[in-house]
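Trainee: Give me coordinates for this.
(one chain, ligands or ions: 1)
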Amino acid sequence: MPKRVTRAAKPGPSRAAASARDPKRAQLKNDTEFVRDAALTTNQGLPIEDDQDSLKAGDRGPTLLEDFHFREKITHFDHERIPERIVHARGSAAHGSFQVYESLADYTKAGFLSDPARRTPVFVRFSTVAGSRGSTDLARDVRGFAVKFYTDEGNFDLVGNNMPVFFIQDAIKFPDLIHAVKPEPNNEMPQAASAHDTFWDFISLMPESTHMILWLMSDRAIPRSYRMMEGFGVHTFRLINAAGKSRFVKFHWKPLLGVHSVAWDEAQKISGKDPDFHRRDLWQAIESGAFPEYELGLQIVEEKDEFAFGFDLLDPTKLIPEELVPVQRVGKLTLDRNPDNFFAETEQVAFHIGNVVPGIGFSNDPLLQGRLFSYTDTQLIRLGGPNFHEIPINRATAPTHNNQRDGFMRQQINPGRVSYQPNSLGDNQPAQATSAAGGYVTHVEPVEGSKVRTRGDSFFDHYSQARMFFHSQSEPEKQHIVKAFRFELGKVETPAIRERMVLHLAQVDSGLATDVAKGLGIEIPANAPAPPNLSVSADGDPAARQHRTLLDRELASPALSMAAQVPAPIASRKVAVLVAPGFDSAGVGALTRMLTTGGATAHLVGPRLGGLAGDDGKTVRPEFSILTTASVLFDAVYVAGGEQAGKWAGESDAVDFVRDAFKHCKPLAASGEGVKLLEAARVPVGGADDADPADDATIVAQRMTRAVAERFVAALAGHRLWTREPELHLPL
Ligand code: HEM
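Mentor: Okay, here's the model as predicted:
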């Protein structure tokens, strides 16, 4: 009889030590099944002798209802799907930890932010917003950046995005926004895309969305990797210290690999070649030990300065420029472990902006306030009842005791007859905790006013920060925004929607509007007013909700440009090396070594799979054939020289490979005969051994030497040579 081992911990002292350091990991292990030498059983524990055939009346007869094993197996299978998230359905997650650099006790009494010795386990889920669970990772979209801290004082969820502002100012508009961006309800098209009429119809009537739309049309909406994007808590929160002093705070995540994007054409091609691109990238990075790291940043504002900025801290369509309030980097988040089971962890995790710990509180941002209701409400149906906090991934590592009882799938067994408070029959247990003992006390804030459905005057500056964002971008970044608008609005079928949007853009920047309009074949009338704000009540006056400039000066924030983030570490960057029989082994070796030193990786791509000999007679086995990969899946390309490297020039897939790499502004190098491929792809190369003076990311050389490799690595650290793009455009 085989031994049945379930719920047993994996052996090994290092794992045991790791569990001691990571209480969440230890807790999850209790619910993890490791099967070794175990019999297959029913859910009731009955060993099964035959899992191949159902029970029948005779070997050609009907299946019998008596077959309890068959019925249990099929019934479970029939119920394996749960509703996907109404938003952020497509996501990928990882475990890790957070540690603060120095105590922030002056600002907050949150233990995990006050004790530099404390390592807090975290679970982080990245996501897109609009697409379904199976949609592409590379959609033009906002990315979710949700962090669950399993602190000693309870779970704290920082449920943010990779953009610091949002589309709407009041949560009551969230269903409208999401209905508009999701596939249109009559034909369920398009999937995971904002380039359609209903989205732009809504946006064009909601000028408060303009700032966010600029972010969405920028390359921030097509990140190179979850590991290379910023995160933002968006709303203004509060930090409260032990003395009860409160300050406003904006939360940031700063990736240590810098902030990088792909090109839009590249994003669309990646969606075909590898729709799991971001998921795979995160998974592989962690498996290979290249752990994603982000610093937690805080922008802290004293209460007395609440009105010092000329925009409202409660308005989630506004950010605080880093140049006005610097981002203090206070701690580090490291993701170092992939989930064991996608459904149990990534799918069932439930984040909630209302999960806070003492020392962290809320502001009156009306979007934040609405979110405080929405998350638990949606999770009740998504996860099937009120006990989803008991699902292992959601369970706090801090002790939980209360008088909540029953409900679907209750796991905990509460003995005794007392489930109310106060009580005398159970010694009044569980007892409330004093604030000194860790009880959560809401920050005391005076509130007064009439009961009204409105928002403050200070919320009606719709365009100033949109302008600040646009003006803070580098020239190539501005061009990408223009092209994104042309693409998105070009897909809109209703001319009036396009025209309205262009008139909004004219309020942001006339050059932006003119450039977009040109691409759409629209004439902008001189001095055309902004379209009306139709986010107004039936009795309200649209004119009263038109834009008004509250600032007496133009804002600029160079920190908003991703171009400010290069050069950046090359760690975990992927370089494709095209090798043909007789390739220059020494050159490939030299480049590979240099890439490895910087933490990047070289990946051999051959004309076919299987063994292939270099010019030193040694055989290598390329990881990919030219048919199984594409340059959009790499950060840079090198065509190795060698006896037969010139033959690549006759291979159309190879021509596309380097042509795309050039078009997407990636570092590109070729040596010896390999240069012929660049020529066949009409990549301007200049003379061999000369960098094209206009393009120091395209490198050709007789041989790949150490010096050439150094130049290539420097170009890789620059990410992309975006200035290469204009020459590819026809004049309009
Ligand atoms: C600043 C604005 C917002 C941000 C940064 C944000 C962020 C996020 C993130 C990151 C997730 C994914 C959580 C996960 O990975 O499981 C999410 C899910 C969700 N958000 Fe938001 N959101 C915002 C606004 C809103 C608003 C205004 C509402 C509703 C009033 C809302 C409702 C939801 C819902 C229902 C989910 C699905 C939750 C689940 O099923 O687990 N969000 N949000």
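Trainee: mind checking how far the closest residue in space to Ala94 that isn't next to it in sequence is from the ligand?
Mentor: Spatial nearest neighbour of Ala94, excluding adjacent residues (CB to CB, 6 or more residues apart in numbering): Leu335 at 4.1 Å. Placement of C-beta: from N, CA and C, glycine included. Leu335 sits at a distance of 14 Å from the ligand (criterion: CB to the nearest ligand atom, to the nearest Å).
Trainee: Likewise for Ala697?
Mentor: Ala697 is 34 Å from the ligand, by CB to the nearest ligand atom.
Trainee: Dihedrals phi and psi, that residue?
Mentor: phi -100, psi 0 (degrees, to the nearest 10).
Trainee: repeat for Phe470
Mentor: According to degrees, to the nearest 10, Phe470 has phi -60, psi -50.
Trainee: Counting neighbours, what do you get for it?
Mentor: 23 (other CB atoms under 10 Å).
Trainee: after the host helix or strand of the residue nearest to Ala94 comes which helix or strand?
Mentor: Taking DSSP states H and E as the criterion, the element that holds Leu335 is strand 328-337. Following strand 328-337 in sequence order, the next helix or strand is strand 360-362 (DSSP H and E).
Trainee: For the ligand, tell me whether that following strand is touching it.
Mentor: No - judged by CB under 6 Å from any ligand atom, strand 360-362 stays clear of the ligand, getting no closer than 12.7 Å.
Trainee: Average pLDDT for the helix or strand following that strand, rounded please.
Mentor: Going down the chain from strand 360-362, the next helix or strand is helix 366-382, by DSSP H and E. For helix 366-382, the mean pLDDT works out to 98.
Trainee: buried stuff in helix 366-382?
Mentor: 366-371, 374-376, 378-380, 382 (16 or more other CB atoms under 10 Å).
Trainee: What about the ligand: which of the residues you listed touch it?
Mentor: Leu367, Gly370, Arg371, Ser374, Tyr375, Thr378, Gln379, Arg382.
Trainee: With respect to Phe351, which of the residues you listed is nearest?
Mentor: Tyr375 (6.7 Å; CB to CB).
Trainee: Hmm, Ile353 and that closest one touching each other?
Mentor: Yes - at 6.2 Å, Tyr375 counts as touching Ile353 under the criterion of CB atoms under 8 Å.
Trainee: Between those two, which contacts overlap?
Mentor: Shared contacts of Tyr375 and Ile353, defined by CB atoms under 8 Å, 6 or more residues apart in numbering, comprise Val159.
Trainee: now for stretch 414-424, what's the gap between its first and last residues?
Mentor: 17 Å (CA to CA, to the nearest Å).
Trainee: Touching that stretch from outside, list them.
Mentor: By CB under 8 Å, 6+ apart, stretch 414-424 touches Asn403, Arg405, Leu425, Gly426, Asn428, Gln429, Pro430, Gln432.
Trainee: next one: stretch 651-662
Mentor: 266, 269, 576, 578, 605, 607, 626-627, 630-632, 634, 636-637, 639, 648-649, 668, 670, 677-678, 680-683, 698, 724.
Trainee: hmm, back to that, beta partners of the residue nearest to Ala94?
Mentor: When assigned by DSSP bridges, Leu335 has beta-bridge partners Gly96.
Trainee: check contacts around it.
Mentor: The neighbours of Leu335, taking CB under 8 Å, 6+ apart as the test, are Ala94, His95, Gly96, Val122, Val124, Leu282, Ile286, Phe291, Pro292, Glu293.
Trainee: Could you report the neighbour count for the nearest residue in space to the last one that is not next to it in sequence?
Mentor: Computed as CB to CB, 6+ apart, the closest residue to Glu293 that is not its neighbour in sequence is Leu256, at 4.4 Å. Applying other CB under 10 Å, we find 17 other residues in the vicinity of Leu256.
Trainee: Pro415 now?
Mentor: With neighbours defined by other CB under 10 Å, the count for Pro415 comes to 5.
Trainee: Can you classify it as helix, strand or coil?
Mentor: For Pro415, the assignment made with DSSP: H, G, I helix; E, B strand; the rest coil gives coil.
Trainee: partner residues bridging the residue of the stretch 51-200 of the chain found nearest the ligand?
Mentor: Residue nearest to the ligand within the stretch 51-200 of the chain (CB to the nearest ligand atom): Gly144, separated by 2.8 Å. Beta-bridge pairing of Gly144 under DSSP bridges involves Ser127, Asn161.
Trainee: need the contact list for it.
Mentor: Per CB under 8 Å, 6+ apart, neighbours of Gly144: His88, Gly91, Arg125, Phe126, Ser127, Thr128, Val129, Val159, Gly160, Asn161, Asn162.
Trainee: Need the nearest residue in space to the last one, chain neighbours excluded.
Mentor: Nearest non-adjacent residue to Asn162, counting by CB to CB, 6+ apart: Arg143, 4.1 Å away.
Trainee: What is the neighbour count of that neighbour?
Mentor: By other CB under 10 Å, neighbour count at Arg143 equals 25.
Trainee: quick check, nearest of the ones next to the ligand among the buried residues of helix 366-382 to Ala513?
Mentor: The closest of these, once distances to Ala513 are taken by CB to CB, is Leu367, at 27.6 Å.
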